[in-house]
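**Student:** quick one: sequence and predicted model below, then my questions.
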Amino acid sequence: MADAVSASPSQGGKSKAKTVMHKASILKLTKQVSRRLSILADGQIVGHVGAKYSKNAAVVYALNMTLGTGPLTLPFAFAQAGLLLGGAFLAICSVLGYITATYVIEAHALANLAVFEGAEDRLLDDEDVEIVDADGAPIRDRKSDEDLAGLRSTVRHNFSEKAFKIRERVELGGLGRRFLPWGVWQLLYACLFLYTFGCLCVYSVALTTSIESLLPFGEQLQLGGGLMVSTRLLVVMLLALIIFPLCFADMQKLRSLQSLILAVRALALIAMLGGSILMIADNNNSNNNGKINNNNNSDGDWTWSWHGMPMVDPNGLPSLFANAVLAFMVHHSLPGLMAPLEDQKDSPKVIATSYGIAYAIYVVLGGTALLAFGTEVPQLYNMAFTSLPIPVVPQLLCGYPLLLLAIYPIVSITFRNNMLDLLGLSPPTADSPVQLKDVLSTALAALPPVGVAYVTSNVQDIVSVFAGFFGLTVFLLVPCALMRSARRKLAVADDDFLLRSRWGHPAVVAVVVLAYTGAIAFNTYRLFFI
């Protein structure tokens, strides 16, 4: 006898639908029962996904993140490490970043599986569900471990698209809380908070420096009555007034802004490449005459340059480490980025597409920067074009960091949501009224980094510490821990499902962990012991 829905009499002569499940086959589920499970699962959601968007829209979001600070800071890293070393290292970072991004995507799907299995538990407890034996006789104990295990096994194999569907946005910190041991997930939150804070500091410094360079005032602005005010202070205050309201939006509300910003970003990148080519054409000071120079510097490190352009210089690796992580880091925002996808199986493709495009742009940008400026690339690459003899273009490029206004809210929203999750509070949604906790948490996430921009303008120091250690941990180590712990906790090591990472083999995880360990050791040695 198959799974069925029957009518049972109730008081008042009315009938009530009852789901009848056979213990012998628990369960040969019907679509009706699976729909009921979906409804129950949807009722347990805390972090709602919101409106959906297409794969192309997701690629735009991801590109705006991967092309955020990279065009500003990576050319300097190329100048420190050399073109060949920089290109090879970026390729390795992008591959490792893609692999660990698939780990985060899988962990997110498994967190949603846990929500769905909670619905299965509730379904077996429901008054309208009756489990019968082979003869159709009701069984009083309707929720044995055997029943629940049978139900879960059947659902996973026959309705995997429903069981593993991403219904709830679970931030990275929330994934750690669900899957990692006590004490470990607190460390995850610490690394996540410090990295996102460092990112926002980099964005704030770049924005403040950019706006300040565009203003016709000096370092001090004279107000009425002879009062002198720091121009940088005024810029920081203006920036805070602009950024704070933007950070109340969600990913979907920022969609039109993201598309516009990406179009302007493309124009700015073309202007950078064009400016570099003009500088290369005017640069007749090459003294190497095509010679390849292999030499040892004063520190005993082997370096290689060609036509005066550095190709390999190990001394630049610490800068390259941190800037590469900053460029390819989308992991902290992946839950919010991928949950609204119309077709969730496209999540890995979105990451691969954005990484591939970003890598090509970075190598071309780094190569032209070295040909144009050699090792004299400034920390913020857009400031290299202030003397271009073309109207408007220098001002456009000096204003390039203004495009970070598209990324700042995304990272700030991620910071805020993880902070609220740690405190056991729900994040604001598009439809809910603004509450005091929303205002305070948004202010705490968005405004302190703007204050840091008033204190310092040294971007590379911020990047080296926050991205080189905490960012590297979130980039490589945390995804491995989440994926492995989630598989073990939910016993899905042998299950095949839509968002399962193809790179989850223990050998691949070991390579990633080894790369992380080596990178942390190298960064520590180079930054603190040389």
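**Tutor:** Now that the structure is in, tell me what you want to look at.
**Student:** report pLDDT for the residue most central in space within the chain.
**Tutor:** Nearest to the centroid of the C-alpha atoms of the chain, with distances taken as CA atoms, centre = their mean, sits residue 330, at 2.3 Å. Each residue has a pLDDT score; the one for residue 330 is 91.
**Student:** my guess is it meets residue 65, correct?
**Tutor:** Yes - in this structure, residue 330 is within contact of residue 65 by CB atoms under 8 Å, at 5.0 Å. In short, each C-beta sits where N, CA and C put it, glycine included.
**Student:** joint contacts of those two?
**Tutor:** 337, 354 (CB atoms under 8 Å, 6 or more residues apart in numbering).
**Student:** any idea how far residue 331 is from residue 239?
**Tutor:** To residue 239, residue 331 is 26 Å away according to CB to CB, to the nearest Å.
**Student:** backbone dihedrals for residue 168, please?
**Tutor:** The phi/psi pair for residue 168 (degrees, to the nearest 10) reads phi -120, psi 140.
**Student:** again, but for residue 427
**Tutor:** phi -70, psi 160.
**Student:** distance from the chain centre to stretch 502-519, please.
**Tutor:** Centre-to-centre, stretch 502-519 and its host chain are 19 Å apart (CA atoms, centre = their mean, to the nearest Å).
**Student:** what comes up buried for that stretch?
**Tutor:** For stretch 502-519, the buried set under the neighbour-count rule, 16 or more other CB atoms under 10 Å, comprises 503-504, 508-509, 512, 515-516, 519.
**Student:** again, but for stretch 341-356
**Tutor:** 341, 344, 346-348, 350-355.
**Student:** flag the least confident of these.
**Tutor:** For these, the pLDDT minimum is residue 344, 85.
**Student:** how far out from the middle of the chain is the longest helix along the chain?
**Tutor:** In the chain, assigned by DSSP state H, the helix with the most residues is helix 83-125. Computed by CA atoms, centre = their mean, the chain-centroid distance of helix 83-125 equals 11 Å.
**Student:** tell me the pLDDT at residue 169?
**Tutor:** 81.
**Student:** for residue 400, see how far away it is.
**Tutor:** Where residue 400 is concerned, residue 169 sits at a distance of 31 Å (CB to CB).
**Student:** same question, residue 323
**Tutor:** Computed as CB to CB, the residue 323 to residue 400 distance reads 16 Å.
**Student:** re earlier: check contacts around the residue nearest to the centre of the chain.
**Tutor:** Contacts for residue 330 (CB under 8 Å, 6+ apart) come out as 62, 65-66, 97, 101, 337, 351, 354.
**Student:** next one: residue 78
**Tutor:** 86, 320, 366-367, 369-370, 377.
**Student:** pick out the most distant pair among these.
**Tutor:** Greatest spatial distance among the contacts of residue 78 (CB to CB): 320 and 367, at 14.7 Å.
**Student:** please say which of those two ends up with more neighbours.
**Tutor:** residue 320 (24 against 18; other CB atoms under 10 Å).
**Student:** secondary structure class for that one?
**Tutor:** What DSSP: H, G, I helix; E, B strand; the rest coil gives for residue 320 is helix.
**Student:** surely it and residue 82 touch.
**Tutor:** No - distance between residue 320 and residue 82: 9.3 Å, which falls outside the contact criterion (CB under 8 Å).
**Student:** grab the nearest non-local neighbour of residue 456.
**Tutor:** Closest residue to residue 456 in three dimensions, ignoring its sequence neighbours and counting by CB to CB, 6 or more residues apart in numbering: residue 205, at 6.8 Å.
**Student:** for the stretch 1-150 of the chain, give me the ranges with low pLDDT.
**Tutor:** Filtered on pLDDT under 70, the stretch 1-150 of the chain yields the residue ranges 1-50, 116-150.
**Student:** at 80 what do you get?
**Tutor:** Residue ranges of the stretch 1-150 of the chain with pLDDT under 80: 1-51, 114-150.
**Student:** quick one: contacts for residue 479?
**Tutor:** In this structure, residue 479 makes contact with 100-101, 103-104, 107, 331, judged by CB under 8 Å, 6+ apart.
**Student:** for it, give its distance to residue 175.
**Tutor:** Separation of residue 479 from residue 175 (CB to CB): 9 Å.
**Student:** shared neighbours of these two, which are they?
**Tutor:** Common neighbours of residue 479 and residue 175 (CB under 8 Å, 6+ apart) are 104, 107.
**Student:** so residue 91 makes contact with residue 359?
**Tutor:** Yes - using CB under 8 Å, residue 91 is in contact with residue 359, at 6.7 Å.
**Student:** neighbour-wise, which of these two wins?
**Tutor:** Legend: neighbour count by other CB under 10 Å for residue 91 and residue 359, higher for residue 359 (20 against 13).
**Student:** in which helix or strand would I find the more buried one?
**Tutor:** Assessed by DSSP states H and E, residue 359 sits inside helix 347-373.
**Student:** tell me the first helix or strand C-terminal of that helix.
**Tutor:** helix 393-398.
**Student:** how far off centre is that following helix?
**Tutor:** 29 Å.
**Student:** cool, stretch 333-352 as well?
**Tutor:** Per CA atoms, centre = their mean, the centroid offset for stretch 333-352 relative to its chain is 11 Å.
**Student:** quick one: the longest helix of the chain to helix 347-373, angle?
**Tutor:** Between the axis of helix 83-125 and that of helix 347-373 there is an angle of 160 degrees, by axes from the mean of the first three to the mean of the last three CA atoms, to 10 degrees.
**Student:** burial check on residue 452, number of neighbours?
**Tutor:** 18.
**Student:** distance of it relative to residue 330?
**Tutor:** From residue 452 to residue 330 the distance is 23 Å (CB to CB).
**Student:** same check on residue 191?
**Tutor:** From residue 191 to residue 330 the distance is 16 Å (CB to CB).
**Student:** tell me where the chain has strands.
**Tutor:** 4-9, 15-22, 129-132, 220-222, 228-230, 292-296, 302-306, 309-312 (DSSP state E).
**Student:** so for the fifth one, mean pLDDT?
**Tutor:** Per-residue confidence for strand 228-230 averages out to 80 on the pLDDT scale.
**Student:** then the fourth one?
**Tutor:** Predicted confidence along strand 220-222 averages 72 (mean pLDDT).
**Student:** just use 5 as the starting number from now, easier for me
**Tutor:** Noted, 5 is the first residue going forward, which turns the last one into strand 224-226.
**Student:** shaky segments in the stretch 255-404 of the chain?
**Tutor:** 255-263, 286-313, 322-323, 391-393, 395-396, 399, 403.
**Student:** so residue 327 and residue 404 - more neighbours on which side?
**Tutor:** residue 327 (33 against 24).
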